[in-house]
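Engineer: Using only what follows, build the 3D model:
(one chain, ligands or ions: 1)
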Amino acid sequence: MPSPRIGVLALQGDVVDHVRALRALGAEATGVRRVAELAAVDALVVPGGESTTMIRLARVFDLLGPLRERIAEGLPVLGTCAGMIMLADRVEDAAPGQETLGGLHVTVRRNAFGRQVDSFEGPLDVAGLDSPVHAVFIRAPWVEAVDDDVEVLARVAHGPAVGRIVAVRQGPLMATSFHPEVGEDTRIHGLFLDLVRER
Ligand SMILES: NC(=O)CC[C@H](N)C(=O)O
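Structural biologist: Model prediction:
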């Protein structure tokens, strides 16, 4: 099978490192900023950044409707940090009027980890990987609640947020609270590419 074409939503946020990680795994990866670019990809990454800015720019670039349509049609999407918020159907502590793309049947809490530990990193066990990833959390959301069709891939194992859900999958949608594009470990992107190839 030819290597899948993966778009990285390039409105705002950590685009370059996702492109690098995907290319390191042999995927074709490009930034997506226009409707025609979205139409040309087999899957999409919605990066970390700032969800309020990203959703506003999606509207400005006339991408909001097309993104929602492709998600509804089953486009595989990996959302990381702000990208997880973008995919969530429900958001706690959203900015006033903040919309999302939706599709992922979860409630996320924005900036959930609170001031004391708003950014931190450490080892995290993720379902499907045989050793922990080094997970980097930057003013991250967590998943507050999931519907029955959502598989939990990772929970915080230590500290004040112990037990909190930080990675999920629902069919073609996958989301992490942390930033898998930071560092050299490309296994989360690898899991996503496996999911894309399954489809
Ligand atoms: N690193 C991130 O993506 C942070 C997400 C950001 N706190 C938001 O609400 O969108």
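Engineer: what about the closest residue in space to residue 5 that isn't next to it in sequence, distance to residue 8?
Structural biologist: Excluding its sequence neighbours, the residue lying closest to residue 5 (Cβ to Cβ, 6 or more residues apart in numbering) is residue 28, at 4.6 Å. Every C-beta, even on glycine, is put in place using the N, C-alpha and C of the backbone. Distance, residue 28 to residue 8, by Cβ to Cβ, to the nearest Å: 11 Å.
Engineer: more crowded one of those two?
Structural biologist: Taking neighbours as other Cβ atoms under 10 Å, residue 28 and residue 8 compare with residue 8 leading, 27 against 15.
Engineer: Just to be sure, residue 19 is in a strand?
Structural biologist: No. Going by DSSP: H, G, I helix; E, B strand; the rest coil, the assignment for residue 19 is helix, not a strand.
Engineer: the bottom helix or strand of the chain by mean pLDDT?
Structural biologist: strand 119-124 (a mean of 91; mean pLDDT, DSSP states H and E).
Engineer: Please determine whether that strand lies in contact with the ligand.
Structural biologist: No. Strand 119-124 does not reach the ligand (Cβ under 6 Å from any ligand atom); its nearest approach is 8.4 Å.
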